[in-house]
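Novice: here's a sequence, model it:
(2 chains)
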Amino acid sequence: RKEVEQDPGPFNVPEGATVAFNCTYSNSASQSFFWYRQDCRKEPKLLMSVYSSGNEDGRFTAQLNRASQYISLLIRDSKLSDSATYLCVVNIGDMRFGAGTRLTVKP
Amino acid sequence: ETGVTQTPRHLVMGMTNKKSLKCEQHLGHNAMYWYKQSAKKPLELMFVYNFKEQTENNSVPSRFSPECPNSSHLFLHLHTLQPEDSALYLCASSPRQGSAGANVLTFGAGSRLTVL
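Specialist: Numbering: from 1, shown residues only, chains lettered A, B, ... in the order given. Down below sits the predicted model:
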């Protein structure tokens, strides 16, 4: 089983849509969790940390389910500029990355 | 300069060449990392340095040789590479190595390597 698993997509959605990504992880000792965003031919950048109680940052909401070992990211009111690859990251002492989910938001 | 700077941004080399990738961070971090990113694959952690000491080597072939002279600089020396080593090599830094929630990674823009 992969350490961090994501649906690669692509997800193609219209502007204004709500889209959700899930991610599962295999190491139950994982301590901290993040979503990173990577634009085409650019480096990954931190989008948000994921807290046990769930957290929101504007149009973005992250949830963590430790019992089922999955993390989710919800994007509301999608913008064209949200088009990117979203990387699920799990910290087990070192950061382990999923392969990413590609999102394209279309006009 | 701020953040994490990598040079060169692009490198083309033959299999018999020796070259080096350089990374410099201006964030006052104590941990530095090399990751390899190949198309449609997860980032692969290669090496970790924490307070200048190498703490992880993820079974990386010896044709890749890291060097960390101080907490701000990290090198990846390349020698007799193979075409399958062509990838984006990303350097990152964090306050320290470990599982704390605040220990996020800041990446450089990467060095895109092509091995002919």
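
Novice: following the least confident helix or strand in chain A by mean pLDDT, which helix or strand comes up?
Specialist: Sorting the helices and strands of chain A by mean pLDDT, DSSP states H and E puts strand A:95-97 at the bottom, at a mean of 91. Note on strand A:95-97: by DSSP states H and E, the next helix or strand toward the C-terminus is strand A:101-106.

Novice: buried residues in that next one?
Specialist: Residues of strand A:101-106 classed as buried: A:101-103, A:105 (neighbour count, 16 or more other Cβ atoms under 10 Å in any protein chain shown). Any C-beta I mention is one placed from the backbone N, CA and C, and that applies to glycine too.

Novice: what's the helix-or-strand element of chain B with minimal mean pLDDT packed up against?
Specialist: Least confident helix or strand, chain B: strand B:53-57 with a mean of 85, by mean pLDDT, DSSP H and E. With contacts taken as 3 or more Cβ pairs under 8 Å, 6 or more residues apart in numbering or on different chains; DSSP states H and E, strand B:53-57 sits against strand B:44-50.

Novice: packing partners of the strand it packs on?
Specialist: Packed next to strand B:44-50, using 3+ Cβ pairs under 8 Å, 6+ apart, are strand B:31-37, strand B:53-57, strand B:64-70, strand B:73-79.

Novice: try 7 Å
Specialist: If you count contacts as 3 or more Cβ pairs under 7 Å, 6 or more residues apart in numbering or on different chains; DSSP states H and E, strand B:44-50 packs onto strand B:31-37, strand B:53-57, strand B:64-70.

Novice: coming back round to it: how distant is the least confident helix or strand of chain B from the center of its chain?
Specialist: Distance of strand B:53-57 from the chain centroid (Cα atoms, centre = their mean, to the nearest Å) equals 12 Å.

Novice: tell me which residues of that strand come out buried.
Specialist: For strand B:53-57, the neighbour count (16+ other Cβ under 10 Å) marks no residue as buried.

Novice: and stretch A:72-84, by the same measure?
Specialist: Result for stretch A:72-84 [16+ other Cβ under 10 Å]: buried residues A:72-73, A:75, A:78, A:82-84.

Novice: tell me the bridge partners for residue B:76.
Specialist: residue B:21, residue B:66 (DSSP bridges).

Novice: quick one, what contacts residue A:34?
Specialist: Counting by Cβ atoms under 7 Å, 6 or more residues apart in numbering or on different chains, residue A:34 touches A:46, A:49-50, A:89, B:104.
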